[in-house]
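A.B. asks: predicted coordinates and the sequence they were generated for:
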Amino acid sequence: MKICMFTNTYLPHIGGVARSVAVFADDLRHRGHEVLVVAPTFPGLHRGDEDPDRVVRVPALQKFNGSDFSVRLLLPGQFRRRLDAFAPEIIHSHHPFLLGDAALRTARHRRLPILFTHHTLYERYTHYVPFDSPVMQRFVIELATRFANLCRRVIAPSESIARLLEKRGVTTPCRVVPTGVDTDLFRQGRGRRFRDKLNIPPEAFVLGHLGRLAPEKNLAFLTEAAIKACRTLKNGVFLVAGVGSSRDRIKKDFAGAGLGERLVMVGELQGNDLPDCYAAMDLFLFASTSETQGIVLTEAMAAGLPVIALDAPGAREVVRDRSNGRLLAQTAMPDDFAAAIIDAAADHEELARWHEEGLRTAKLFSRQVSVRRLEEVYREALLPQPKGSGATLDAWEAILESLQAEWDLVTSKFGAVFEAVGHPADVPAELD
């Protein structure tokens with residue numbers, strides 16, 4: 001198959017969607033498929049850093065409104081020529097906005113099936129745009145839902161998200177395909193070497209977190225819980241890997257609690273440093289409720305780490321309470337989270353059981369399993385459609401199809417606005 005993926009974020013940006021696109025693209029190529037990724041430009045990326053036969057970059061505004069995301073500008077003519085040369089058979093959009101629009105136009109114009117992976121709970125990110133409000137949250141929910149209903153298939157990273165999309169009105173057939181994890185890589189981490197490099201004592205009990213350090217990740221909650229736990233655990237250390245706007249707040253909170261020396265922040269990690277960092281931890285902490293999958297949870301378990309997390313979409317598919325870690329109710333307070341950490345640290349036998357069960361859980365999310373599931377969805381989308389859904393197009397039909405794509409995009413956006421403002425403004429958007 002020849003697959004063209006459209007994404008608003010891609011390597012070298014570090015994040016769940018960028019990693020997911022890169023993993024699936026690589027794994028599909030290893031299985032004999034051709035994959036072309038259409039993505040925005042990125043600071044520090046130079047000509048020759050990547051294969052132009054595999055990635056097409058389009059102009060974009062970087063770090064939109066203080067976020068880690070980019071906003072693409074008009075697509076250049078060379079993009080269309082590159083697409084003509086590639087001759088895709090299927091279009092796969094990883095976002096409903098920005099390059100998602102371009103993906104839909106491309107699919108409609110070329111009469112190709114389009115798939116959409118609903119990676120993100122977009123309503124949790126409206127604080128990055130002006131006029132954030134419950135109405136804005138409802139608007140992005142409606143917009144994503146309407147985009148999904150213009151596609152041939154929708155992919156959800158977890159069962160929780162698949163159920164949520166159905167509840168929100170997605171009628172397009174939805175398939176669950178989580179992003180795969182390189183279980184072999186994360187099993188080989190060298191934690192002692194990583195600790196030595198950071199001067200973390202061998203006897204320390206290391207609480208760990210890895211990911212983008214942003215407000216929507218519920219890091220204020222997690223930091224408070226980690227501080228409370230470290231006050232009780234005399235050898236407790238909080239190891240944090242990642243970059244983002246919440247970094248300074250975490251440092252300030254630990255310093256304010258008189259525990260600045262118990263916090264170790266290592267920034268962005270790549271290559272072997274990633275599995276080594278996981279291996280240096282004794283317990284992985286995760287409090288985000290905005291995930292659709294939570295790739296770091298399966299990475300941690302592949303490294304043998306027990307996990308303590310809040311019950312939310314993504315986390316509940318991976319963490320089984322008192323089997324491979326702890327899954328606390330979303331209503332839990334930082335005191336409850338800290339108590340779970342302290343109890344786990346005191347029970348070495350239970351930690352050992354969670355370690356073994358976590359390794360078994362991670363195998364269910366291996367890259368080999370996930371890419372085969374994605375292949376099945378592609379093959380399903382490529383099957384002949386009912387009569388009237390389109391065969392070959394002459395030039396006139398192609399023009400009509402392009403106009404219809406534009407009309408669908410416009411009516412989708414206006415419909416989302418009407419749906420959003422049609423509810424009382426004081427009713428919060430539905431957030432599962």
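C.D. replies: Structure's in. What do you need?
A.B. asks: next, give phi and psi for the residue most central in space within the chain.
C.D. replies: Closest to where the C-alpha atoms of the chain average out (C-alpha atoms, centre = their mean) is residue 16, at 3.3 Å. The phi/psi pair for residue 16 (degrees, to the nearest 10) reads phi -60, psi -40.
A.B. asks: what's the spacing between it and residue 228?
C.D. replies: Using C-beta to C-beta, to the nearest Å, residue 16 is found at 28 Å from residue 228. Glycine gets a C-beta too; all of them are placed from N, C-alpha and C.
A.B. asks: what do you get for residue 381?
C.D. replies: Distance, residue 381 to residue 228, by C-beta to C-beta: 49 Å.
A.B. asks: OK, contacts around residue 4?
C.D. replies: Residues counted as contacts of residue 4 (C-beta atoms under 8 Å, 6 or more residues apart in numbering) are 35-38, 83, 86, 88, 90-92, 106.
A.B. asks: and if we set it to 10 Å?
C.D. replies: 34-38, 56, 82-83, 86-93, 103, 106-107, 110, 112, 114 (C-beta atoms under 10 Å, 6 or more residues apart in numbering).
A.B. asks: which of the residues you listed fall in helices?
C.D. replies: The members of the contacts of residue 4 that map onto helices under DSSP state H are 82-83, 86, 103, 106-107, 110.
A.B. asks: closest one of those residues to residue 353?
C.D. replies: Set against residue 353, the nearest of the ones in helices among the contacts of residue 4 by C-beta to C-beta is residue 103 (45.0 Å).
A.B. asks: is it true that the closest one touches residue 117?
C.D. replies: No. Residue 103 is not in contact with residue 117 according to C-beta atoms under 10 Å; the separation is 11.1 Å.
A.B. asks: intersection of neighbour lists for these two?
C.D. replies: Taking C-beta under 10 Å, 6+ apart as the criterion, residue 103 and residue 117 both touch 5, 7, 92-95, 151.
A.B. asks: and these, which two are furthest apart?
C.D. replies: Greatest spatial distance among the shared contacts of residue 103 and residue 117 (C-beta to C-beta): 7 and 151, at 15.0 Å.
A.B. asks: so what's residue 177 up against?
C.D. replies: Counting by C-beta under 10 Å, 6+ apart, residue 177 makes contact with 20, 24, 115, 117, 155-158, 293, 369-377.
A.B. asks: ChimeraX command for the buried members of these?
C.D. replies: Selecting the buried subset of these in ChimeraX, with 16 or more other C-beta atoms under 10 Å as the burial test, is done by:
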select :20,24,115,117,155,156,157,158,293,370,371,374,375,377
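A.B. asks: top of the shared contacts of residue 103 and residue 117 by number of neighbours, please.
C.D. replies: Neighbours here mean other C-beta atoms under 10 Å. Within these, the largest count is held by residue 92, at 30 neighbours.
A.B. asks: which strand residues bridge that residue?
C.D. replies: Beta-bridge pairing for residue 92 (DSSP bridges): residue 5, residue 115.
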